[in-house]
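Colleague: With the sequence up front, the predicted model follows.
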Amino acid sequence: MDKFKVVGGTPLYGELPVSGSKNSALPALAACLLTEEPVTLLRIPQVKDIGTMESLLSHTGAAVNNQDGSVTVEARHLDCPEAPYDVVKTMRASSLVLGPLVARTGRARVSMPGGCAIGARPINLHVQALEHLGACIEQSHGYVEATAPDGLRGGEIHFDRITVTGTEDVLMAAVLARGETTITNAAREPEVQDLADLLTKMGAKIEGAGSSVIKITGVERLSGAEHAIIPDRIEAGTFLLAGAMSQGEVMVSNCTPEHVAALTVKMRQAGADVDDAGDAIRVRCNRRPRSVDVTTEEYPGFATDLQAQYLAWMTVAQGISFITETIFENRFMHAPELSRMGANIRIEGRQAIVAGEERLTGAQVIASDLRASASLVLAALVAQGESTIHRVYHMDRGYERIEEKLAAVGGRIQRIP
Ligand code: EPU
């Protein structure tokens, strides 16, 4: 298992380019199953979860060709419309193939994801919504089996709770259903909008994506298309925090400033200079931040996927901050590891109370999930002395060559195989 060795204390200076969004690329790849024609996706990040999704598409019978992040999928014959346990257990987003497979082939068999480090993560809302579209669903032996031999039909879907991949799964099913579908309380994340843009290029009829009400008029078939994935707003946010926390100055390039507005507002309040510059953001901070509270929310609120990295910054702030996590029930696994580096954090239910310290000290720490690993890297980059971060395979699931990007702006970080 690879680990990172990091020597802290060097401010970061220079440009940090952002890759394509992992959480946009995953549903886009699943959407390729909706047509027998080739779909080409550009700016696909080369991270582990993408490799897993590509293997899953191949397993169903699709031909997948990835040339340096430009991926063409041709799903002419789908002989095996299933997502087996071995794939789903390593990546919960595999449930994104449920909607497209049942819509296209009339059947799908997808292993149910278990819990993971950050929470229970059920898919009951995906299942209920597909039932509304006429799929017959049975759950046994750890699998969800959906059938719709005569195809799906449009319906009124209201999500009791906002779900990102749930909205995406059902959107993909509804584009091939007969008649009209309305989704209310839909997720408004930019990744949902990006998926709708791709589906529209493929011939789907969708209105309102990016708002909480999406209307879809089903079409008989979809065609091939070419589409470039949006920049990864979570990677962009992670880099902004890295620049500010290191007390340096970085230009985060190839990003969409609007997508990280909830973060940059907080960063300005905490004392960082943050300037939008078209498709880039410049951040500069030459002092400890002031403590500023955040509460995670669905988009356009403060992203749960940036909570761990923001919390890392607050461990060196002046004052006490309250960080409240409302999306996942167990997303403070980074707190005890940050405490090993000298952070002063108390967890009370869904809230972390962080008393800023003047400095952190390097230590051996273990990454528990993707975003927790990023928070440990940020902390290690400013801690006094050397840190070793174990289990960086979590990081490799979603960040493309992060150690190379950070080293290029002066970070003393090295991968040890
Ligand atoms: N939920 C249910 N039932 C469902 C679906 C969700 O109760 O059927 C609950 C979840 O347990 C959670 C809440 O609803 O408490 C929201 O979960 P959501 O479904 O929105 O999460 P997701 O779609 O599984 C995506 C991202 C996550 C990100 C969340 C929240 C992808 C592939 N994953 O997950 O990204 O944290 O939305 O924004 O898009 C990450 O990249 O590190 C990551 C975990």
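Modeller: Sure thing, it's come through. This one's a predicted model, so the numbers in the text were calculated from it and none came from an experiment. Residues are numbered from 1 along each chain as shown.

Colleague: Tell me where the stretch 301-417 of the chain has helices.
Modeller: Per DSSP state H, counting those that start in this stretch, the stretch 301-417 of the chain carries helices over the ranges 307-314, 334-340, 370-382, 393-396, 402-408.

Colleague: Going by mean pLDDT, which of the ones you listed comes out lowest?
Modeller: Comparing mean pLDDT across these, the weakest is helix 393-396, with a mean of 93.

Colleague: what's residue 299 sitting at in phi/psi?
Modeller: Residue 299 has phi and psi values of phi -60, psi 140 when expressed as degrees, to the nearest 10.

Colleague: residues in contact with the nearest residue to it once chain neighbours are set aside?
Modeller: Excluding its sequence neighbours, the residue lying closest to residue 299 (CB to CB, 6 or more residues apart in numbering) is residue 189, at 4.3 Å. The C-beta positions use only the backbone N, C-alpha and C, and glycine is treated the same way. Counting by CB atoms under 8 Å, 6 or more residues apart in numbering, residue 189 touches 23, 164, 298-299.

Colleague: Name the nearest of those residues relative to residue 285.
Modeller: Within the set of the contacts of residue 189, residue 299 lies nearest residue 285; the separation is 25.0 Å, counting by CB to CB.

Colleague: Which helix or which strand is home to the residue nearest the centre of the chain?
Modeller: Nearest to the mean C-alpha position of the chain, by CA atoms, centre = their mean, lies residue 23 at 4.1 Å. Following DSSP states H and E, one finds residue 23 within helix 22-31.

Colleague: Need the contact partners of that helix.
Modeller: For helix 22-31, contacts defined as CB under 8 Å, 6+ apart pick out 39, 41, 44-45, 47, 49-50, 53-54, 57, 71, 73, 93, 96-97, 99-100, 164-165, 168-169, 172, 189-191, 194-195, 198-199, 202, 227, 229-230, 232, 234, 398.

Colleague: got the angle between it and helix 370-382?
Modeller: For helix 22-31 against helix 370-382, the angle by axes from the mean of the first three to the mean of the last three CA atoms, to 10 degrees is 150 degrees.

Colleague: chain center to helix 22-31, what's the gap?
Modeller: 10 Å (CA atoms, centre = their mean, to the nearest Å).

Colleague: Does the ligand have contacts with that helix?
Modeller: Yes: under the criterion of CB under 6 Å from any ligand atom, the ligand is reached by helix 22-31 at 23, 26.

Colleague: next structured bit after that helix?
Modeller: With DSSP H and E, the next secondary element past helix 22-31 is strand 39-42.

Colleague: Toward the C-terminus from that next one, list the very next helix or strand.
Modeller: Next along the chain after strand 39-42, taking DSSP H and E as the criterion, comes helix 48-60.

Colleague: Would you mind writing the CA trace of the following helix or strand past that next one as CSV?
Modeller: Using DSSP H and E, the helix or strand that follows helix 48-60 in sequence is strand 63-67. Provided in CSV are the C-alpha atoms of strand 63-67 (Å, rounded to 0.1, in the frame of the first residue of the first chain):
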residue,chain,number,x,y,z
ALA,A,63,-16.6,-1.5,-25.4
VAL,A,64,-14.6,1.1,-23.6
ASN,A,65,-11.5,2.9,-25.0
ASN,A,66,-9.7,5.4,-22.8
GLN,A,67,-6.9,7.4,-24.5
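
Colleague: what lines up beside strand 63-67 in the sheet?
Modeller: Here strand 63-67 has these sheet partners by DSSP bridges: strand 70-74 (antiparallel).

Colleague: Can you name the residues of the stretch 301-417 of the chain sitting close to the ligand?
Modeller: Within reach of the ligand by CB under 6 Å from any ligand atom, the stretch 301-417 of the chain has these residues: 304-305, 327-328, 370-371, 398.

Colleague: Show me the contact partners of stretch 370-378.
Modeller: So stretch 370-378 is contacted by 4, 6, 117, 234, 238, 241-242, 245, 305-309, 311-313, 331, 333-334, 337-338, 365, 367, 387, 389, 391-392, 394-395, 397-399, 402, 406, 413 (CB under 8 Å, 6+ apart).

Colleague: my bad, stretch 282-290
Modeller: Residues from elsewhere that reach stretch 282-290 (CB under 8 Å, 6+ apart): 240, 243-245, 247-252, 267, 269-275, 313-314, 316-319, 356, 358.
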